[in-house]
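Undergrad: next input, structure requested:
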Amino acid sequence: MLRILTCIVVEHNIRLVLLAALICILSCYVAVMLTQRARMVEGTARHLWLGAAGATSGFGIWATHFIAMLAYDPGVVIGYDMKPTLISLAVAIVVTTIGLAVATCVSGRRALVAGGLLLGAGIASMHYIGMSAVELPGTLHWDPVYIAASLVCSGLFGVLALLVCMRAKPGIRSRLLATGLMALGVVSLHFTGMAAVTIEPGLMPVGEDALISTTLMVPLIAAVAFSLLFTGLTAAVFARQAELAASESTRQFAMLVEGVKDYAIYMLDPEGRVANWNEGAERHKGYKACEIVGQHFSQFYSAEDRAAGLPEQALRIAREEGKYENVGWRYRKDGTAFWANVVIDPIHDAGGALVGYAKITKDVTREKTDADRLAAVTKNLDLALENISQGLCLFDKDERLLLANRRYSEIFGFPEGRIQPGMTLREIVDQGVADNYADPDVARLKARDIYARRRAAIQANDGGAIIEKLPSGISIQLRYRTLPDGAWVATYEDVSERLRSEEQISFLARHDGLTGLPNRASFNHRLEADLDAALRSGGKVAAIGIDLDKFKEINDTRGHAAGDEVLVTLSRRLEACLEADETIARFGGDEFAAAKRFEDMSELTDFIQRLETCLNEEIRIDGYDIKPGASLGVAIYPQDADNLEALLNNADLAMYRAKDALMQSVCFYEVSMDEAARSRRLIANDLWQAVERKELQLHYQVQKAVNSGDTVGYEVLLRWHHPVHGMIPPSDFIPIAEECGAILPVGEWVLREACREAATWGNDYKIAVNLSPVQLGNADVADLVHRVLLETGLSPHRLELEITESTIIGDKERALHTLRRIKAFGVTIAIDDFGTGYSSLETLRAFPFDKIKLDRSFMKEVEASPQAKAIVRAILALGQTLRVPVLAEGVETRSQLDILLDEGCDEAQGYFLGRPVPVEHIRVGAIADEAA
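TA: Predicted structure coming up:
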């Protein structure tokens with residue numbers, strides 16, 4: 001060490017040594033700075049920075065060595081051979097460049113050690129090759145120890161310098177430390193190597209051409225060195241400033257990227273791993289940066305997409321086409337999916353090498369939902385537009401077609417594709433008219449009229465409709481609606497069916513739906529007009545009420561279809577027989593009406609005869625001849641009534657009189673008919689109050705066993721003692737009660753009163769109570785019977801309800817259901833007036849009646865008529881077969897009773913056995929029987 005210090009202090013010019021040291025430090029600093037810059041870039045830029053660093057360090061080391069050699073004064077004249085001197089410069093530049101390149105381009109600590117050793121080797125090679133260029137009078141002797149020490153110093157400090165220089169995050173401190181270590185490597189090698197030299201003086205002369213003027217060479221070398229160092233330093237400074245500017249730009253860009261929250265923006269490395277992560281990415285995908293950086297971006301895809309290789313395909317498309325853009329489902333950390341718009345751009349360095357990908361993802365779920373909704377709405381609108389029953393067109397303000405649906409072409413018969421957007425209204429009208437009119441002149445005039453009419457409707461803009469009838473026969477309703485910008489919407493509707501329906505509705509409003517005859521409203525309107533005309537002219541008008549005689553029977557026996565056919569056939573006949581000033585109408589059911597204006601009664605008589613002929617002529621249906629027949633009532637204006645309502649009412653009164661008459665089918669109105677009608681209305685009004693006024697009374701007619709004569713029961717008969725008219729027969733007021741509905745409260749009173757009185761007799765006699773068809777059809781008779789039995793305490797087996805077969809014909813199922821409920825209480829059911837009316841065996845089969853009551857009409861003739869006697873015998877035999885007892889009504893003689901006894905009849909009642917008597921006589925007879 002002492003020798004080295006002696007060499008420095010004694011054998012060197014200190015000022016030049018300091019200059020050499022300055023150049024050495026500056027060159028090492030520039031070399032470190034440029035090397036660090038090279039490490040931060042790739043490709044050609046790295047090569048350029050490494051070249052600059054090698055040249056700077058190599059020349060600086062050489063300049064340090066040469067100036068230090070010029071400062072060396074061994075006491076003899078020294079010269080230098082230029083060729084080895086220049087070779088040492090080249091070796092210094094090349095070897096140090098290689099060493100720096102190894103440390104920079106190859107990763108790992110071993111590369112740094114190798115680079116440091118190469119750096120030391122470059123310094124040593126430069127020094128000893130340079131020393132070989134020394135020429136002096138004498139001989140150089142080298143100390144191997146100092147040589148080895150110099151080599152160790154250069155290699156050691158070279159390795160340490162590069163280890164510090166290549167730290168992961170280099171700073172100014174590491175840069176200064178690396179500079180000092182590299183300078184120590186240069187200085188330690190030089191002065192240790194110089195300490196190894198011993199000069200043995202000799203006689204070898206030094207040529208003048210080998211001598212280098214210190215005064216000239218030192219400033220020149222220093223100037224060159226400083227220039228080179230300044231150039232390198234300037235380049236490094238400018239690069240640093242550019243780096244700082246780029247860093248600031250990058251920082252600002254990073255701030256911008258981090259501030260974007262609506263987009264996920266992040267980088268991928270060339271293999272597709274996430275390199276960074278912004279706040280928008282965290283917000284959209286749920287991963288924090290520490291969770292996702294370094295992970296492959298394929299985890300944002302579904303398992304199916306990953307299996308299909310879609311992530312790799314996206315990167316391949318981005319590389320090959322320069323960009324990848326797509327929309328699809330992506331998945332968040334929690335597994336939820338969102339519809340994403342994804343853009344991937346490849347990123348290349350300055351040399352064109354792929355360094356990664358920039359990936360931008362936007363959650364467009366809402367936009368997709370809106371787009372899907374809009375698409376669905378558009379699709380539905382298209383479907384609606386193409387499937388509505390109306391044709392629809394949209395024209396702009398210049399009359400050019402913008403839109404037309406398929407129905408428009410169908411309505412007007414245009415072939416598909418004929419009507420296209422861009423056609424004017426006039427062109428469309430001309431086209432449509434030309435298709436229907438072969439003559440061009442006719443078509444031109446027709447098209448002009450149609451176009452003018454449509455333009456007028458468009459300009460009116462009142463929302464009104466115009467109707468056009470096409471040559472094809474269909475009727476089209478056109479509506480135009482003008483828009484604010486001058487455009488308009490036109491709708492076209494085929495209203496042919498609607499017009500026909502309206503005509504049909506109008507017809508049905510004035511005519512009967514089944515027969516097509518005028519209905520009541522139309523008839524009244526026509527009759528009102530006839531009355532006005534007769535008032536002005538002094539003529540007469542006849543109103544005729546018509547009611548078919550056997551229509552109910554036709555419906556019941558042949559069915560309603562047959563009844564409808566009868567009505568239709570009669571209507572056609574009646575309509576066909578009409579002449580001028582004659583009208584026929586159907587009011588409903590089997591009720592018709594006719595009217596005629598006339599001057600002479602012979603005209604009316606002829607009209608009535610024609611009507612009768614039509615009504616009485618046979619009708620053949622399903623092989624059966626049906627002769628309906630009818631009852632006609634005639635009222636004449638002005639003698640019978642002076643207004644329409646009264647005239648029709650009087651015609652009805654006359655018709656009812658004809659219906660009640662046995663030998664008369666036509667009746668003219670008489671004043672007495674009005675009196676009879678008023679009388680019926682008064683009776684009806686009084687009937688509603690008869691129960692409250694206690695005007696009704698029950699009489700009882702005994703029923704006896706034919707073979708023993710014992711009393712088996714009593715039939716309950718109703719009597720009405722009117723305070724004004726006295727005793728009114730049941731045959732007079734019962735039909736009226738059924739017509740006006742009073743039969744319901746009256747029938748309930750009869751049932752309750754009969755059960756109450758019978759419950760007080762103290763015997764087991766039955767009471768038979770007649771049940772009206774109105775009661776069975778309009779009231780819950782079963783509940784009524786049950787309540788009455790509970791209230792009165794009468795044993796159910798003592799009550800017998802009598803019904804006629806006509807009672808159950810109207811609604812047979814309902815009636816039989818009601819009778820079964822009543823029978824379930826223990827009440828017996830008898831079929832009354834058997835042998836008249838229908839006498840259907842089906843009725844006896846459908847319901848197990850407890851008794852058959854033979855109608856009194858047969859008993860009147862049983863003594864004189866073999867046929868009547870045969871019918872009685874047959875009915876009695878039927879009862880025996882069915883094991884149903886038969887009671888004969890109307891027994892008035894001993895002979896009739898004997899016949900019944902001979903034929904095996906079970907029970908009988910009639911005047912011969914006992915007349916109807918009030919309940920007081922029943923009680924007296926019961927007491928007498930008990931006393932006996």
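
Undergrad: please name the nearest non-neighbouring residue to Phe460.
TA: One thing to correct before we go on: residue 460 is Ala, not Phe. Tyr480 (8.0 Å; CB to CB, 6 or more residues apart in numbering). For every residue, glycine as well, the C-beta is placed using N, CA and C.

Undergrad: how about the contacts made by the one you found?
TA: When contacts are counted by CB atoms under 8 Å, 6 or more residues apart in numbering, Tyr480 is found next to Arg454, Ala457, Ile458, Ala460, Asn461, Trp488, Val489, Ala490.

Undergrad: what ranges does the stretch 601-750 of the chain have for its strands?
TA: 619-621, 624-626, 630-637, 666-668, 696-705, 711-722, 726-728 (DSSP state E, counting those that start in this stretch).

Undergrad: equivalent analysis for the stretch 201-350 of the chain, please.
TA: Under DSSP E, counting those that start in this stretch, the stretch 201-350 of the chain gives strands at 263-268, 324-331, 337-348.

Undergrad: what does the stretch 1-150 of the chain give?
TA: Going by DSSP E, counting those that start in this stretch, the stretch 1-150 of the chain shows strands at 79-80, 134-135, 138-142.

Undergrad: for the longest one, give the mean pLDDT please.
TA: Per-residue pLDDT values over strand 138-142 give a mean of 72.

Undergrad: how far off centre is that strand?
TA: Taking CA atoms, centre = their mean, to the nearest Å, the mean C-alpha location of strand 138-142 is offset from the chain mean by 109 Å.

Undergrad: make sure the residue nearest to Ala460 is indeed in a helix.
TA: No: checked against DSSP: H, G, I helix; E, B strand; the rest coil, Tyr480 lies outside a helix; its state is strand.

Undergrad: ok, what's across the strand from it?
TA: Ala490 (DSSP bridges).

Undergrad: measure it to Ile411 for me?
TA: 16 Å (CB to CB, to the nearest Å).

Undergrad: what does Ala38 give?
TA: 83 Å.

Undergrad: higher neighbour count, the two?
TA: Set side by side, Ala38 and Ile411 show more neighbours around Ala38, with 24 against 18, by other CB atoms under 10 Å.

Undergrad: okay, the nearest residue to that one once chain neighbours are set aside: pLDDT?
TA: Computed as CB to CB, 6+ apart, the closest residue to Ala38 that is not its neighbour in sequence is Trp49, at 3.5 Å. pLDDT recorded at Trp49 is 73.

Undergrad: please apply the same query to Ala635.
TA: pLDDT, Ala635: 91.

Undergrad: repeat for the one 5 residues further on
TA: In the prediction, the pLDDT value recorded for Asp640 is 85.

Undergrad: list the contacts of it.
TA: With contact set as CB under 8 Å, 6+ apart, Asp640 has these partners: Ala646, Leu647, Asn650, Tyr669.

Undergrad: hang on, the last one packs against Asp652?
TA: Same thing as Tyr669. No: at 9.4 Å, Tyr669 and Asp652 do not qualify as touching, with contact defined as CB atoms under 8 Å.

Undergrad: overlap in contacts, the two.
TA: Common contacts of Tyr669 and Asp652 (CB under 8 Å, 6+ apart): Gly633.

Undergrad: who has more neighbours out of those two?
TA: Tyr669 (25 against 20).

Undergrad: and the more buried one, backbone torsions?
TA: Backbone torsions of Tyr669, given as degrees, to the nearest 10, read phi -60, psi 140.

Undergrad: show me what counts as buried in the host helix or strand of Gly158.
TA: Assigned by DSSP states H and E, Gly158 belongs to helix 144-165. Under the neighbour-count criterion of 16 or more other CB atoms under 10 Å, helix 144-165 has 146-147, 149-151, 153-165 buried.

Undergrad: same question, stretch 434-450
TA: So, applying 16+ other CB under 10 Å, buried residues of stretch 434-450: Tyr437, Ala443, Lys446, Ala447, Ile450.

Undergrad: hmm, the third one is touching Val433, no?
TA: To tie it back to what came earlier, the one meant is Lys446. Yes: the criterion here is CB under 8 Å, and Lys446 meets it with Val433 at 5.0 Å.

Undergrad: about what we covered before: show the buried residues in the contacts of Asp640.
TA: Leu647, Asn650, Tyr669.

Undergrad: neighbours around the residue lying closest to Gly130 once chain neighbours are set aside, how many?
TA: Distance criterion CB to CB, 6+ apart; nearest residue to Gly130, sequence neighbours excluded, is Ser88 at 3.9 Å. Using other CB under 10 Å, Ser88 has 24 neighbouring residues.

Undergrad: I figured Ser88 hits Ala124, correct?
TA: No: in this structure, Ser88 is not within contact of Ala124 by CB under 8 Å, at 10.7 Å.

Undergrad: what's the residue nearest to Gly473 when sequence neighbours are not counted in contact with, if anything?
TA: Distances taken as CB to CB, 6+ apart place Ser496 nearest to Gly473, at 7.5 Å, with adjacent residues excluded. By CB under 8 Å, 6+ apart, the residues touching Ser496 are Gly473, Ile474, Ser475.

Undergrad: go again with 10 Å.
TA: Lys469, Leu470, Ser472, Gly473, Ile474, Ser475, Ile476, Gln477 (CB atoms under 10 Å, 6 or more residues apart in numbering).

Undergrad: what separation do you get for it and Ile476?
TA: 8 Å.

Undergrad: please identify every residue contacting each of these two.
TA: In contact with both Ser496 and Ile476: Lys469, Leu470, using CB under 10 Å, 6+ apart.
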